[in-house]
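In: how would this look folded up:
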Amino acid sequence: MIKRPRLILLLIIFLTISSVLIDLPKVSFGGREFSHPVINTKLFARDLEPKLGLDLAGGVQLVMSADMSKIEDRDRDNALESAKNIIENRINLLGVSEPVVQTAKAGDQHRIIVEIAGIADIEAAVSTVKKTAHLEFRTLKADSPEATIAALPDSFESSGLTGSQLKRASAAPSQDPQTPGYVVNIEFNDQGAKKFEEITRNNLSKPVAIFLDDQLISAPTVQAVIADGRAQITGDFTSSDAKQLVVELNAGALPVPLKIESQTRVGPTLGADSIQKSILATGVGLASVAIFMILYYRSLGVFAVVALIIYSLITFAIFKVIPVTLTLAGIAGFVLSIGMAVDANILIFERIKEEIRWGKPRHEALFSGFVRAWSSIRDSNVSSLITTAILFNFGTGSIRGFALTLAIGILISMFSAITVTRTFLRMFWVKDTSEV
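Out: The predicted structure is shown next:
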């Protein structure tokens, strides 16, 4: 049975009030816009408006095929991932919120799917996405002093060595105890090796900057003249840091021409209509479940409905805090989770009614109902979470959105059914003298 139910009730009230504050939309009054009461706090020092996907906010979806004919088989996965990361970085520079960039493979076909919501200049976005990544090695200008990190970009000039002369980059654990962690190994072709030897000879003990699409990604210091075209970048890299640098280097070393297979535009009017229908569907779903629970379970149903409302408030607040990019499929996952949220209550209530029919008092029936129903609730929710994990891992686009919102809903529903409902029943229902 619940220990300290009053303390848990206070926690539930706190979570509910916090969720309501987060869920409140921006409002306009007298020509002034008022945002959420919690936005300006240190905890949520950012915009808490819902992040809408392509189908709700309008925008463009691009499906691009990657030409891998000039890429070796062993390098194709890395090349595709490199192209994906470069496109993500470029789209982020456009200032759009929550772009979705995913890779997809089917046989010999390699594709990149890009969804840009809320974009005004679609043609500029398409042009930006299609550019081939440009990797360049730059050296210090002759009249430049030793550059600090803050001054690096303006202190370097082109050396003539580019990503087209880089064979590949790879990450590996450091073999030198003086440089722990990971290192990045780079290898140039014959032309690049000659050029790199000249660069290292003329820039001993000086940094050589590596730029990708004119963005500085690294500036290692030359420690020796390198004549064989094989170099090693050190810097106390973690595994993830080294792999990220490798992806960025290979993005310029392994150019992947992209061809747009399809371009789908979604207008904001269609998105606004979809939002209205989604809100209506959510309201109908909540109302239908509430009416059923109250009519069938009476006083027990009332507690379940209150717990369901709290569940909805907390779930939507979590969507905004993470934030989760909401699509039509994601909202469908949330609506579906509303029905699943009461499944646990139904199992518990049926067990409680059965215990009371056997002659047990309410407090004992309440205890037995939760204890004996828990294993079924746990197993059903775990199996559902496994399904959502598979969908999220192997799905793309809206399928991943559906899986994510459904998974969050399932986790919160377990809290609402077990903790919230049980606390309410423990505090109020066991003192109620009406029949179940």
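In: Centre-most residue in the protein?
Out: Nearest residue to the geometric centre of the chain (CA atoms, centre = their mean): residue 324, 7.0 Å.
In: and it, what does it touch?
Out: With contact taken as CB atoms under 8 Å, 6 or more residues apart in numbering, residue 324 is in contact with 51, 318, 330, 401, 404-405, 408. In short, each C-beta sits where N, CA and C put it, glycine included.
In: In helices only, show me the residues you listed.
Out: Applying DSSP state H to the contacts of residue 324, the entries found in helices are 318, 330, 401, 404-405, 408.
In: Would you check that residue 141 makes contact with residue 158?
Out: No: using CB atoms under 8 Å, residue 141 makes no contact with residue 158, being 10.4 Å away.
In: wait, is residue 281 part of a helix?
Out: Yes: counting by DSSP: H, G, I helix; E, B strand; the rest coil, residue 281 falls inside a helix.
In: Now it. Nearest residue, chain neighbours left out?
Out: Closest residue to residue 281 apart from its sequence neighbours, by CB to CB, 6 or more residues apart in numbering: residue 335 at 5.8 Å.
In: The one you found touches residue 282, doesn't it?
Out: Yes: Residue 335 is in contact with residue 282 according to CB under 8 Å; the separation is 5.6 Å.
In: got any residues that touch both of these two?
Out: With CB under 8 Å, 6+ apart, residue 335 and residue 282 have no common neighbours.
In: For the residue nearest to the centre of the chain, give me phi and psi.
Out: As for residue 324, its main-chain torsions (degrees, to the nearest 10) stand at phi -100, psi 130.
In: ok, now residue 206?
Out: Torsion angles, degrees, to the nearest 10, at residue 206: phi -120, psi 160.
In: Who are the contact partners of it?
Out: Residue 206 touches 139-140, 146, 221-222, counting by CB under 8 Å, 6+ apart.
In: Could you check how many residues crowd around residue 398?
Out: 19 (other CB atoms under 10 Å).
In: name the element the residue of the chain most remote from its centre belongs to?
Out: The C-alpha centroid of the chain is most remote from residue 359, which lies 50.9 Å away (CA atoms, centre = their mean). Counting by DSSP states H and E, there is no helix or strand that carries residue 359.
In: Quick check: it vs residue 54, distance?
Out: Distance, residue 359 to residue 54, using CB to CB, to the nearest Å: 58 Å.
In: try residue 181
Out: For residue 181, the distance to residue 54 - CB to CB - is 40 Å.
In: More neighbours: those two, which one.
Out: Using other CB under 10 Å as the criterion, residue 181 and residue 54 rank with residue 54 on top: 27 against 14.
In: Report the contact partners of the more buried one.
Out: Here residue 54 is in contact with 60-61, 100, 115-117, 266, 327 (criterion: CB under 8 Å, 6+ apart).
In: would you turn these into TSV with distance to residue 393?
Out: Formatted as TSV, the contacts of residue 54 follow (distance: CB to CB, whole Å):
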residue	distance to residue 393
60	26
61	21
100	16
115	19
116	24
117	23
266	26
327	18
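In: Looking at those residues, which are in strands?
Out: Per DSSP state E, strands hold the following members of these: 60-61, 100, 115-117, 266.
In: which one of these is nearest residue 380?
Out: residue 100 (30.6 Å; CB to CB).
In: The closest one bridge partners, please.
Out: residue 115 (DSSP bridges).
In: What is the burial count for it?
Out: Neighbour tally, residue 100, other CB under 10 Å: 21.
In: Which stretches in the stretch 51-200 of the chain count as strands?
Out: Secondary structure of the stretch 51-200 of the chain (DSSP state E, counting those that start in this stretch): strands located at 51-52, 59-66, 100-106, 109-117, 135-140, 156-162, 166-173, 182-188.
In: next one: the shortest one to chain centre, how far?
Out: Meaning strand 51-52. 12 Å (CA atoms, centre = their mean, to the nearest Å).
In: Output the contacting helices and strands for it.
Out: On a contact count with 3 or more CB pairs under 8 Å, 6 or more residues apart in numbering; DSSP states H and E, strand 51-52 meets strand 325-326.
In: What residues of stretch 332-343 count as buried?
Out: 332-338, 340-343 (16 or more other CB atoms under 10 Å).
In: what's it in contact with?
Out: 281-282, 285-286, 289, 293, 304, 308, 311-312, 315-316, 319, 377, 380, 384, 401-406, 408-410, 412-413, 416-417.
In: again, but for stretch 159-179
Out: Stretch 159-179 has contacts (CB under 8 Å, 6+ apart) with 75, 133-139, 180-189, 191-192, 195-196, 199, 208, 234, 236-237, 239, 242-243, 245-246, 249-255.
In: which among these end up buried?
Out: 75, 133-139, 182-184, 186-188, 192, 195-196, 199, 208, 234, 237, 242-243, 245-246, 249-255.
In: Give me the pLDDT value at the nearest residue to residue 118 once chain neighbours are set aside.
Out: Closest residue to residue 118 apart from its sequence neighbours, by CB to CB, 6+ apart: residue 57 at 4.4 Å. You'll see residue 57 listed with a pLDDT of 79.
In: Equivalent analysis for residue 249, please.
Out: Reading off the model, residue 249 has pLDDT 82.
In: wait, what's in contact with it?
Out: 135, 163, 166, 169, 184, 186, 210, 212, 217.
In: Over to residue 351?
Out: Per CB under 8 Å, 6+ apart, neighbours of residue 351: 368-370, 372-373.
In: Filter those down to the buried ones.
Out: Buried members of the contacts of residue 351, counted by 16+ other CB under 10 Å: 368-370, 373.
In: Got the phi and psi for residue 204?
Out: phi -60, psi 130.
In: ok, for it, nearest residue in space, not its chain neighbours?
Out: residue 222 (5.6 Å).
In: for this protein, what spans make up the helices?
Out: Along the chain, the segments classed as helices by DSSP H run 5-23, 54-57, 76-93, 122-130, 190-202, 239-253, 268-297, 299-321, 328-341, 343-357, 362-394, 398-415, 421-427.
In: Of these, which stretch is the most buried?
Out: Counting by mean count of other CB atoms under 10 Å, helix 54-57 has the highest mean neighbour count of those, with a mean of 26.
In: Could the C-alpha coordinates of it be exported in CSV?
Out: This file holds the C-alpha atoms of helix 54-57, laid out as CSV (Å, rounded to 0.1, in the frame of the first residue of the first chain):
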residue,chain,number,x,y,z
LEU,A,54,5.9,19.4,-41.9
ASP,A,55,2.3,18.3,-42.3
LEU,A,56,1.1,20.7,-39.6
ALA,A,57,3.3,23.8,-40.1
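In: Centre of the chain to it, how far?
Out: 17 Å.
In: again, but for stretch 364-383
Out: 32 Å.
In: average model confidence for it?
Out: 90.
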